[in-house]
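>>> fold the following.
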Amino acid sequence: MARPPRIPPREFERLVAEALETLPEPFRGMLENVAVSVEEEPTDEDYDETRTPDDEELFGIYRGPMRTEHFLDELPSLPPEIVVFRGPILRCCRTNREAVREIADTVRHELGHYFGLEDEEMPY
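Numbering: from 1, shown residues only. Below is the predicted model:
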């Protein structure tokens with residue numbers, strides 16, 4: 001039986017950065033002014049915002065307007081942010097390999113929101 005993953009915070013952050021580096025170049029080039037971070041756990045507001053039931057784990061969230069919703073006359077605001085939640089991913093994955101795959105999938109999923117896709121439009 002596989003041990004649950006034990007990925008320290010700094011290593012988890014490195015894996016998130018690695019997931020970004022493996023994106024195809026056309027997408028990496030369009031990520032100007034997007035913050036990507038790791039948080040240990042989602043907040044109650046994150047669950048409310050995503051309409052995720054309290055009994056389900058939330059692996060990540062996109063905070064900000066979709067790239068397709070930016071307007072030229074907008075006032076400057078905080079940059080959009082992609083957050084990957086370490087605790088839920090480690091609780092739900094059985095191995096480090098599975099956690100690494102989930103981190104990459106979560107990064108791609110949240111980037112899909114930045115590019116204007118809704119959950120039901122995601123390719124996976």
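>>> top helix in this protein by residue count?
Across the chain, the longest stretch assigned as helix under DSSP state H is helix 96-114.
>>> show me how far that one is from its chain's centre.
Taking CA atoms, centre = their mean, to the nearest Å, one finds the center of helix 96-114 at 6 Å from the center of the full chain.
>>> swap in stretch 52-66?
Computed by CA atoms, centre = their mean, the separation of stretch 52-66 from the middle of its chain amounts to 9 Å.
>>> check which residues of that stretch are buried.
By 16 or more other CB atoms under 10 Å, the buried positions in stretch 52-66 come out as 58-64. Bear in mind the C-beta positions are built from the backbone N, C-alpha and C, glycine included.
>>> tell me the mean pLDDT for it?
Averaging pLDDT along stretch 52-66 yields 88.
>>> closest to Val84 out of the buried residues of stretch 52-66?
Gly60 (4.7 Å; CB to CB).
>>> what packs against the longest helix of the chain?
Packing contacts for helix 96-114, counted by 3 or more CB pairs under 8 Å, 6 or more residues apart in numbering; DSSP states H and E, involve helix 9-21, strand 60-63, strand 81-85, helix 86-92.
>>> now the element after the helix or strand bottoming out on mean pLDDT in the chain, going C-ward?
Of all the helices and strands that make up the chain, the one with the lowest confidence by mean pLDDT, DSSP states H and E is helix 25-28; it has a mean of 81. Using DSSP states H and E, the next helix or strand after helix 25-28 towards the C-terminus is strand 35-39.
>>> in which helix or strand does the residue lying closest to Asp54 once chain neighbours are set aside reside?
Leaving out its chain neighbours, the residue that sits closest to Asp54 by CB to CB, 6 or more residues apart in numbering is Tyr47, at 6.2 Å. The secondary structure element spanning Tyr47 is helix 44-50 (assigned by DSSP H and E).
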